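>>> I need the structure of the sequence given here:
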Amino acid sequence: MSARASEAEGVPCIDAIPTPMGELWFGVDRHGSPVTGWSCLGAPPPGLERAPRSWSLRERLARVLAGEQDAFEDLPLPTGTTFQLAAWREARRIPCGATATYGELARAIGRPRAPRAIGQAMRRNPAPILVPCHRVIGVGSTGGYAGQATPESAGSRVKQFLLRSERKPEPSPADSTQGRSRINR
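Below is the predicted model of the structure:
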């Protein structure tokens, strides 16, 4: 959905970048909070505006999709409940290339009996990538994405795409030096 096409269709003039999973659209809501989404998972909500130029969101998202790290900690969290904000804040602390389970996130915010609520907070995350909900997984599975949990769903494919794009390539044996760890940190 290019800005021109979205204007013609009556969708707010927001920004989008092409990805192998379809376009990643982004903007800000009426509270000035960031909102992102994938065209393969639905249309943007009405009333979005372009993100402030100072956020450099287009360039930053493109770099992240190319494998660079960015925690987006300088951007405000999306609008949400107190619980959602705590969960999203903690999700931002998961490093690029790493994952945490719903239970681990629940314990980290002091709510050890709330892993399902963490799952719901991730499902309702209005700013994927800016709040890396794709890094939150189930025990023994990657879990769902955007409320879609079946392996063939668009949401599951997006989550797998994001997790793969963040993995650091394993060094070849020729890259290792005797006495040095080969673990990527």
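>>> from residue 112, how far out is residue 95?
From residue 95 across to residue 112, the span is 22 Å (CB to CB, to the nearest Å). Any C-beta I mention is one placed from the backbone N, CA and C, and that applies to glycine too.
>>> go on, residue 162?
Distance from residue 162 to residue 112, by CB to CB: 27 Å.
>>> neighbour count for the two, which is higher?
residue 162 (21 against 11; other CB atoms under 10 Å).
>>> in contact with the residue nearest to the more buried one when sequence neighbours are not counted, which residues?
Spatial nearest neighbour of residue 162, excluding adjacent residues (CB to CB, 6 or more residues apart in numbering): residue 134 at 4.2 Å. Applying CB atoms under 8 Å, 6 or more residues apart in numbering, we find residue 134 in contact with 128, 145, 158-159, 162-163.
>>> for residue 19, same thing?
38, 65, 161.
>>> just those residues: which has the poorest pLDDT?
Minimum pLDDT across these is recorded for residue 65, with 90.
>>> quick one: that one from residue 143, how far?
21 Å.
>>> also residue 151?
11 Å.
>>> these two: which has the busier surroundings?
Neighbours per residue (other CB under 10 Å) separate residue 151 from residue 143, with residue 143 holding more: 20 against 10.
>>> hang on, the more buried one packs against residue 103?
No. In this structure, residue 143 is not within contact of residue 103 by CB atoms under 8 Å, at 11.2 Å.
>>> flag the shaky bits of the protein, pLDDT-wise.
The chain contains residues with pLDDT under 70 at 1-13, 168-185.
>>> all strands for it, in order.
Secondary structure of the chain (DSSP state E): strands located at 15-19, 22-28, 34-38, 100-101, 136-137.
>>> please list all residues in contact with residue 119.
Neighbouring residues of residue 119 by CB under 8 Å, 6+ apart: 102, 136, 143-144.
>>> ok so, going back, from the contacts of residue 134, which is closest to residue 29?
residue 128 (14.3 Å; CB to CB).
>>> who's in contact with the nearest residue to that closest one once chain neighbours are set aside?
Leaving aside its sequence neighbours, residue 128 sits nearest to residue 36 (CB to CB, 6+ apart; 5.4 Å). Residue 36 sits next to 24-26, 61, 126-130 when contact means CB under 8 Å, 6+ apart.
>>> can you add distance to residue 78 and give those back as a markdown table?
What follows is the contacts of residue 36, written out as a markdown table (distance: CB to CB, whole Å):
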| residue | distance to residue 78 |
| --- | --- |
| 24 | 15 |
| 25 | 14 |
| 26 | 11 |
| 61 | 15 |
| 126 | 4 |
| 127 | 5 |
| 128 | 10 |
| 129 | 12 |
| 130 | 8 |
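>>> any chance of those residues in TSV, plus neighbour count and distance to residue 74?
Converted to TSV, the contacts of residue 36 look like this (neighbours: other CB atoms under 10 Å; distance: CB to CB, whole Å):
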residue	neighbour count	distance to residue 74
24	23	19
25	23	21
26	26	15
61	23	14
126	19	18
127	24	14
128	24	18
129	22	15
130	29	11
